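Student: Structural data only, the sequence is not supplied:
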């Protein structure tokens, strides 16, 4: 390649291809949501939600069999699946959203495929970390990140009964992650990005995916249970941003144990 524009274009395409590859699990789930919404037979002996659950399980097994995910990463994703399912059970009970279709594979009315939607976030972070060869400058102490993630998770439940401290949590994320710089490798050269910006961008794309999920009637928020679909409120972007912190900390814990965090603070 010759010239800065050609180099930029190649690197931009490389970045997009790597991102798509990192989104393999989540992208497959989004495709399944849309495909089953438009084409799944109403009279099928297996319910749509159960089909989604079994399909997600098959995808996870395939990723492990082909070694696209390690067993250590899969254990973290399993934890995130459990954490997400527990929150789903509570939130649906509180009326935050509903699952309008029946399912046999469910817990307290929550179909099990929903946990895989959370797991796909963990899968993405684990894969993008490896594919882009992340390196950090001024990486926050993992114990501090763990306390932040615990506070975020508790607030998802507690704000129904007491004050909502998410504004304070937003400030805490900026204070903790604001000084951290992420270096990633889309091609041969490393490129920098503030970690907070990276987390926010990922949350934005998850919000886009959630709009697709509600359009496909996989779940519905209040106001979306009528015949016409309405977009998910932009306020949900903040929730996904905070949830991203939990997922990031879980994956960071795996890399810390395996000494896979490249922290070159200066």
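Tutor: Perfect, thanks for sending it. Keep in mind that what you see is a predicted model, and the values were worked out from it rather than measured. Numbering: from 1, shown residues only.
Student: which ones are touching the spatially most central residue of the chain?
Tutor: The residue at the geometric middle of the chain, judged as the C-alpha nearest the mean C-alpha position with CA atoms, centre = their mean, is residue 121 (2.2 Å). When contacts are counted by CB atoms under 8 Å, 6 or more residues apart in numbering, residue 121 is found next to 26, 80, 206, 243, 244, 247. In this view, the C-beta of every residue, glycine as well, is placed from N, C-alpha and C.
Student: Give the next helix or strand downstream of the helix or strand harbouring it.
Tutor: When secondary structure is defined by DSSP states H and E, residue 121 falls within helix 113-131. Under the assignment DSSP H and E, the closest C-terminal helix or strand after helix 113-131 is strand 135-137.
Student: Now do the helices in the stretch 51-200 of the chain.
Tutor: 71-93, 113-131, 142-158, 166-177, 195-215 (DSSP state H, counting those that start in this stretch).
Student: other SSEs contacting the longest one?
Tutor: Spelled out, it's helix 71-93. helix 48-65, strand 110-111, helix 113-131, helix 142-158, helix 236-257 (3 or more CB pairs under 8 Å, 6 or more residues apart in numbering; DSSP states H and E).
Student: and the angle for that helix with helix 236-257?
Tutor: 150 degrees (axes from the mean of the first three to the mean of the last three CA atoms, to 10 degrees).
Student: Just the buried residues of helix 71-93, please?
Tutor: Applying a neighbour-count criterion of 16 or more other CB atoms under 10 Å, the buried positions in helix 71-93 are 73-74, 76-77, 80-81, 83-89, 91-92.
Student: for that helix, what is the average pLDDT?
Tutor: Helix 71-93 shows an average pLDDT of 86 in the prediction.
Student: go on, the shortest one?
Tutor: Per-residue pLDDT over helix 166-177 has a mean of 96.
Student: which phi and psi does the closest residue to residue 96 other than its chain neighbours have?
Tutor: In space, and not counting its chain neighbours, residue 96 is closest to residue 221: 7.5 Å by CB to CB, 6 or more residues apart in numbering. For residue 221, the backbone dihedrals are phi -90, psi 160 (criterion: degrees, to the nearest 10).
Student: hang on, residue 221 packs against residue 215?
Tutor: No. Look at residue 221 against residue 215 with CB atoms under 8 Å: they stay out of range, at 11.8 Å.
Student: sorry, back to before: looking at the helices of the stretch 51-200 of the chain, which one is packed in the most?
Tutor: For the helices of the stretch 51-200 of the chain, the largest average neighbour count (mean count of other CB atoms under 10 Å) is found in helix 113-131, namely a mean of 24.
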